[in-house]
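K.L.:
Next one to model:
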Amino acid sequence: MRHRKKGKKLGRNTGQRKALFRSLIGALIIHEEIKTTQAKAKAVKRLADKLIGKAQVSSLHVRRQILAFLPNKQAVNKLVDEVAPRFKAKKSGFTRLVNLGKRRGDDAMMVKIELTEKKKEDQSKDAEKKSQKSKQSKKETEKKDKVKKKK
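P.N.:
The predicted structure follows:
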C-alpha cells in the first residue's frame with residue numbers, strides 16, 4: 001500500500017527519476033516552456049516552483065545550492081539572473097500547465113508546462129502576432145463582404 005508515500009515513481013528507479021527531473025527543469029528554465037506528459041509535468045512543477053522561489057534570494061549560497069541540484073550552469077545562471085527577478089512580486093505560482101490533448105501513439109495526456117511571466121520581448125512578439133491575426137481576419141471578412149455584395 002502507498003500510505004503516506006509522496007510523489008510518483010513514473011516507472012523508474014530513484015537515480016533515473018532524479019535525472020529526468022533535472023533535465024526537464026533545466027530545459028524548462030532555458031526554453032521557458034516544454035511539452036511533456038501530464039504525470040511528468042505535475043512532478044516537475046513542484047520542484048521547479050521551489051527552485052524559482054529559492055532563486056529569488058539571489059545570493060552565492062543559493063546559486064551553489066541550485067547548482068547542486070541542476071548540473072547545467074547555463075540554466076542556473078539564467079534562473080538566478082533573468083527568471084527569478086521577473087517573479088519578485090510573487091511568492092508562488094511560477095509555472096502553469098496547459099493541456100494539449102492526447103498523444104496519438106499511446107494516448108498519453110500531453111501538456112505544455114511554461115513560466116507564467118514571459119520575457120518582455122516574448123510579450124511584444126505575442127502582441128504583434130495577435131495584431132497580425134486580427135488584421136488578416138479583418139481582410140478576410142472584407143473580402144467575404146465584397147463577394148456577398150457582388151452576388
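K.L.:
Could you use CA atoms for every contact and neighbour count after this?
P.N.:
OK.
K.L.:
Now do the helices in this protein.
P.N.:
14-31, 38-55, 60-69, 73-78, 84-86, 120-150 (DSSP state H).
K.L.:
so the residue sitting nearest the centre point of the chain bridges to which residues?
P.N.:
Nearest to the geometric centre of the chain sits Glu114, at 1.7 Å (CA atoms, centre = their mean). Judged by DSSP bridges, the bridge partners of Glu114 are Glu33, Arg96.
K.L.:
how's this structure carved up into domains?
P.N.:
Here the domain assignment for the chain is 14-117, 118-151, based on automatic domain parsing.
K.L.:
most tightly surrounded among those domains?
P.N.:
Counting by mean count of other CA atoms under 10 Å, domain 14-117 has the highest mean neighbour count of the domains of the chain, with a mean of 17.
K.L.:
mind checking how far that one is from the chain centre?
P.N.:
7 Å (CA atoms, centre = their mean, to the nearest Å).
K.L.:
That one: end-to-end distance?
P.N.:
End-to-end distance of domain 14-117: 32 Å, with CA to CA, to the nearest Å as the criterion.
K.L.:
do the same with stretch 112-120
P.N.:
End-to-end distance (CA to CA), stretch 112-120: 20 Å.
K.L.:
what does stretch 63-82 give?
P.N.:
13 Å.
K.L.:
show me what contacts the closest residue to Ile52 other than its chain neighbours?
P.N.:
In this structure, Ile52 finds its nearest non-sequential neighbour in Ala84, 5.9 Å apart by CA to CA, 6 or more residues apart in numbering. Applying CA atoms under 8 Å, 6 or more residues apart in numbering, we find Ala84 in contact with Ile52, Gly53, Ala55, Gln56.
K.L.:
Could you rerun that using 10 Å?
P.N.:
Leu51, Ile52, Gly53, Lys54, Ala55, Gln56, Val57, Ser58, Lys78, Lys90, Phe94, Glu117 (CA atoms under 10 Å, 6 or more residues apart in numbering).
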